[in-house]
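Student: got a sequence here, can you build the structure:
(2 chains)
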Amino acid sequence: MALFAELRRRNVFKVALLYAVSSWLIIWFVGAIESEVTLPAWTNAFVLFVLAVGFPVALQFAWTYEITPAGLKKAVDVDQTQSIVYKTGQKLNAAVAVLLVLGVLAVFGQRLLPTFEFLVPGIPEGDAPVSARAPAEIRSLTLDNGLKIIVWPDHDIPNIVMYNFVRAGGRNEYPGITGLSHFFEHMMFLGTSNREPGEFDRTMEAAGGANNAYTTADVTVYMDWFPRSALETIFDLEADRLQNLTTVAEVVESERQVVYSERRSSVDNDNFWKLAEQVQATAFVAHPYQFTVIGWPSDIESWTQDDLISYYRTYYAPNNRTVVITGDVTPGEIFALAEEYFSPTPAQEPPPIVRTIEPEQQGVRRVEVESAAQTPLLHLAFHAGAAADPESLPMGLLLNILTGGEASRLHRALVEDEGVAISVGGYLDEGFDPGLAYFYLTLPPDGSPAAVERRVLEELQRAAKEGVSEAELAKARNIMLADHWRDLATIAGKAEMLGRYAVFHGDYEKLFALPEALDAVTTDDLRSIAATVFRTRNMTVGVLRAPEAGVAE
Amino acid sequence: MIRLRLICLALVGCLFLGEASSQGVTLPGAHHIELENGVVFILHEKHDVPLIGVHATIRGGAVSDPEGKSGLSSLLAGLLEKGAGDRGAAAFAEAVASVGGSLAASAGLEAITISGEFLARDSDLMVELLVDMLQAPALEAEEMRKLRDRRINLIRAAKDGDLRRLTPTYGNAFLFGEHPYGTPVDGSETSLAKLTHPDLLGYYRDFVGADRLVIAIAGDFDALAMIGSLSTAFRDWRRAAAPLPEIQPLQPQQGRRILLVDKPGATQSYFWIGNVGVDVGFPRRAELDIANTLFGGRFTSLLVDEMRTKAGLTYGVRSVLLRPSTAGSVATVSYTKTETTIEAIDLALSLLARIHEEGFTDDIILSGKNYILGQFPPRLETAAQLAAQFAELETLGLDESYINGYGNAIADADAAAVRAVIDEVYPAVDDLVVVVLGDAETIRDDIAKYGPITEMDISEPRFRP
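Tutor: As a prediction, the model looks like this:
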């Protein structure tokens, strides 16, 4: 008990408490700034080590020394009647109290206030949007190597989305390497000089993230969805595969089989794509949009390592990509991470431009596919515009009026009233170069493709001659407006739309001008685009049906 | 001084409690109202975008289809969109589309669901259309005939298309047979052809009514005003006339049964390997979700890693749990080129055996937990998602802890419990139903080694022999 009393008299317990509270504050502070500035990975361990080693030292010090009016003296040398340990004790108590209150205020303060940015010299703030319509919190930045980054903070859920848009797709291919863009999408998950095949996904999923990717005729897009805690891991993973990808021969061979399996399920064993692939190849005779994005079978079987390596160098360079990040982030932390992880990759010569312009079609083209089928298919395709063409918006509205849902003209006429089709749909290519306005119909088993083709043409020509009503236009506008808001209801939708507008329209801010742009479209615009596009000499017709004899269904 | 010290300690205590707060997602608060006739409303305001979402469920669904009349509840759901109140089919579709809205009804195994989304400014119209669909659907004979015939042809078209979509239908139909869970939700060509207009009216009277209905609405609207208008509209609505069927759980398959569905000329085989599984109230749900994620629920799962990444046999493979109100099914689903059918099925069976023998290591279990927790928040991000979640919980008789306690349950699950759940839920390799769709002539002989084969043609107008 004497020892206990003496420990107490010499304020050893109070020093221990003060030490503990100070340590807690220091650890909290390091944790708090960690998310704002980039600290070395060993920082936490180092701080803990120093604090742990310091603890016995501090206690020993408190035991041995004592504060006196004449300064620090060894406790054994101090005359007990002159000791001021009680006053020192009070001061220690006060210090503990003050630190605790400070700590509590700081911790709560940080939770209640919007995240405060540490202003680290050298980290750019990015550009705010110019237009008043765009949300003011968006920031964009182009790194020195040409990589564009757009950040839209949204703290609704503790998650983040990173979409990486690469300007590489089917239109950058040629006979012999068709499907390479899509195959490359697969290779991007299969190992780098730092990571084994499969390690990319294992690391990401273990950190709580998920990912996928898609390839179109124009772009390849890599999508990561992850909790905030995985932010730096994702930067590390993405930077690694964008800089250090390897193409190991046996991995390429195995993945070739996976892609072939994908082709077999999505094209060869699916009548819709079996026909669509042929229509696409027939509608374009010069432009590379004629190539199927998944690739012709012989190309899937034969592209080489060299094809892959040169493709990677050219098309995956930072100056050919745009990164969009939305969710629970601040622009400052993203730009700091981008500088650290993405800026070391050097820019490359821009990829060769796609020179070929599809010559004007001189007359109707037809393609037939024979395939076991109970229900015949009819596809009609017309050359239309590119995403950035001003005619694309009226064309999108027009397609909506013709094929968008149960109230659309073609559904009502052909499916509900006449029963000559069991389903009808349509879409508009919106790519870098002029694409197709596409109609697809499934007919009942006894349906007549020729008769339905005539009916569709009548409806399209009616739109070209008589136009559409104000009410129809208002309906299509409302549908596109509701879709617009639905897109912006999730962080994934925000990333997709910002990226698409940045890449295909040259400026993400145009996304926010869509409501006004819709209002500006007139019924005359729709009639005029219908007259331009829906001409028979601009049309490709595809029919899929069972062979005349020999297939019993 | 002492008092100050106590306050400080209390504050520190609060901080630590705060740090230890629950993992995962917490459902936001909502107004929950039940009328005397049994209708339940759940309303939640969310003002981030000018949209309003509705999700209504009517307990019943395909399990309440009369014998031999599969697809009746689904057909009824389709007809709820074909005119109601003062509007005929075309006018109803036009009313929804003209404001850019959506409002669609479909049937599931145990409920009919109506889900829709409108711009916030059109919330009154949304309620009007919803009330009409439920209380005054036209259910015209001619519209019924058109939709029924079209659905029959759409099934034929689906059999011409990508068979990944139909594989589970054949699988569950063969496993469950005459049991209600064997019913193809949208019917078969044969069962649809038998449906009559009196069947439809009878189903509406017997299985649609106030005591079956839950309406959840979330989004940019005024909840108090909405309570008023919904209460007025539904206060006097009738109840359903017939009781819901009681469903007894099916006993798991002992030994093996094989179904071969012939699609002549197919260059790919699709397979479904499963047995009876668990129900939605299964108490070790967190452990099962972890096990299923690791077995076949994510890209680095055992099935994908071995069958796709390492062996290149397939583009996709999954382990699928169907968890209705009594025991559903657990199945491995995949496809491969015709020549590797046996290799792929053998591998899938060996992986099923492997999880029974080896389970999963601690670090993989931790990875699975992180994955589930990290991917959960985006599932409840939008008003429409929240509305669906509220409605589903209420329909299944589950409370908020099903969501709010989920994060902690995942975080707390231990390896031994995950191990135990594997043996409890996943079938032994000797007790299985195997369904293969493909070119029978090429694969028939080799498949015989898995067990006794029943064979049918894909063009047969049904989903089981």
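Student: shouldn't A:Gly425 be within a helix?
Tutor: No: counting by DSSP: H, G, I helix; E, B strand; the rest coil, A:Gly425 is not part of a helix but strand.
Student: could you pull up the residues touching B:Gly438?
Tutor: Taking CB atoms under 8 Å, 6 or more residues apart in numbering or on different chains as the criterion, B:Gly438 is in contact with B:260-263, B:266, B:268-270, B:338, B:341. (Glycine included, C-beta is placed from N, CA and C.)
Student: please, a PyMOL command that selects the buried ones among these?
Tutor: Only the buried entries of the contacts of B:Gly438 go into this PyMOL selection, using 16 or more other CB atoms under 10 Å in any protein chain shown:
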select buried, chain B and resi 260+261+262+263+266+268+269+270+341
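Student: in three-state terms, how would B:Ala93 be classified?
Tutor: With three-state DSSP as the basis, B:Ala93 sits in helix.
Student: that one is in contact with A:Val415, isn't it?
Tutor: No: B:Ala93 is beyond contact range of A:Val415, at 11.3 Å (criterion: CB atoms under 8 Å).
Student: give me the neighbour count for residue 173.
Tutor: Just so you know, I chose chain A. 25 (other CB atoms under 10 Å in any protein chain shown).
Student: that answer is for a different chain, and I need it for chain B
Tutor: The tally of other residues near B:Ala173 (other CB under 10 Å) stands at 22.
Student: quick check: the gap between it and A:Glu339.
Tutor: The gap separating B:Ala173 from A:Glu339 is 57 Å, by CB to CB, to the nearest Å.
Student: same question for A:Gln461.
Tutor: Counting by CB to CB - A:Gln461 and A:Glu339 are separated by 57 Å.
Student: got it, and A:Glu416?
Tutor: Distance, A:Glu416 to A:Glu339, by CB to CB: 58 Å.
Student: swap in B:Ala440?
Tutor: 60 Å.
Student: which one's more surrounded, the two?
Tutor: B:Ala440 (22 against 18).
Student: how close does the more buried one get to B:Gly265?
Tutor: Distance, B:Ala440 to B:Gly265, by CB to CB: 11 Å.
Student: and B:Leu51, how many neighbours?
Tutor: Neighbourhood size, B:Leu51 [other CB under 10 Å]: 26.
Student: what do you get for B:Ala104?
Tutor: Quick note: B:Ala104 (other CB under 10 Å) scores 16 neighbours.
Student: for chain B, what's its nearest residue on the stretch 401-550 of chain A.
Tutor: Closest residue of the stretch 401-550 of chain A to chain B, CB to the nearest CB: A:Asn478 (3.1 Å).
Student: helix, strand, or coil at that residue?
Tutor: With three-state DSSP as the basis, A:Asn478 sits in helix.
Student: excluding sequence neighbours, find me the nearest residue to it.
Tutor: Leaving aside its chain neighbours, A:Asn478 sits nearest to B:Gly100 (3.1 Å; criterion: CB to CB, 6 or more residues apart in numbering or on different chains).
Student: report how many residues lie close to that neighbour.
Tutor: Look at B:Gly100: counted by other CB under 10 Å, it has 24 neighbours.
Student: would you confirm that it contacts A:Trp485?
Tutor: No: with contact defined as CB under 8 Å, B:Gly100 and A:Trp485 do not form a contacting pair (9.0 Å).
Student: overlap in contacts, the two.
Tutor: Shared contacts of B:Gly100 and A:Trp485, counting by CB under 8 Å, 6+ apart, come down to B:Leu119.
Student: which residues are contacting stretch A:142-156?
Tutor: Contacts of stretch A:142-156 (CB under 8 Å, 6+ apart): A:126, A:135, A:137-141, A:317-331, A:334-335, A:338-339, A:342-343, A:345-347, A:491, A:494-495, A:498-499, A:502, A:508, B:48, B:381.
Student: now the end-to-end length of it.
Tutor: Counting by CA to CA, to the nearest Å, you get 27 Å between the two ends of stretch A:142-156.
Student: and A:Leu518, what is it in contact with?
Tutor: In this structure, A:Leu518 makes contact with A:393, A:397, A:477, A:480-481, judged by CB under 8 Å, 6+ apart.
Student: how far does the strand or helix carrying it sit from its chain's centre?
Tutor: Element membership for A:Leu518, per DSSP states H and E: helix A:514-520. Centroid separation between helix A:514-520 and its chain, computed with CA atoms, centre = their mean, to the nearest Å, is 25 Å.
Student: helix or strand next in line after that helix, which one?
Tutor: Next along from helix A:514-520, by DSSP H and E: helix A:523-533.
Student: convert that next one to PDB, retaining C-alpha atoms only.
Tutor: Extracted in PDB, the C-alpha atoms of helix A:523-533 (Å, rounded to 0.1, in the frame of the first residue of the first chain):
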ATOM      1  CA  THR A 523     -42.300  18.400 -84.300                       C
ATOM      2  CA  ASP A 524     -40.800  19.800 -87.500                       C
ATOM      3  CA  ASP A 525     -37.400  18.600 -86.400                       C
ATOM      4  CA  LEU A 526     -38.800  15.100 -86.000                       C
ATOM      5  CA  ARG A 527     -40.600  15.100 -89.400                       C
ATOM      6  CA  SER A 528     -37.500  16.300 -91.100                       C
ATOM      7  CA  ILE A 529     -35.200  13.700 -89.600                       C
ATOM      8  CA  ALA A 530     -37.800  11.000 -90.400                       C
ATOM      9  CA  ALA A 531     -37.800  12.100 -94.000                       C
ATOM     10  CA  THR A 532     -34.000  12.100 -94.200                       C
ATOM     11  CA  VAL A 533     -33.400   8.700 -92.600                       C
END
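Student: that one - contacts with which helices or strands?
Tutor: With contacts taken as 3 or more CB pairs under 8 Å, 6 or more residues apart in numbering or on different chains; DSSP states H and E, helix A:523-533 sits against helix A:392-403, helix A:449-466, helix A:470-487.
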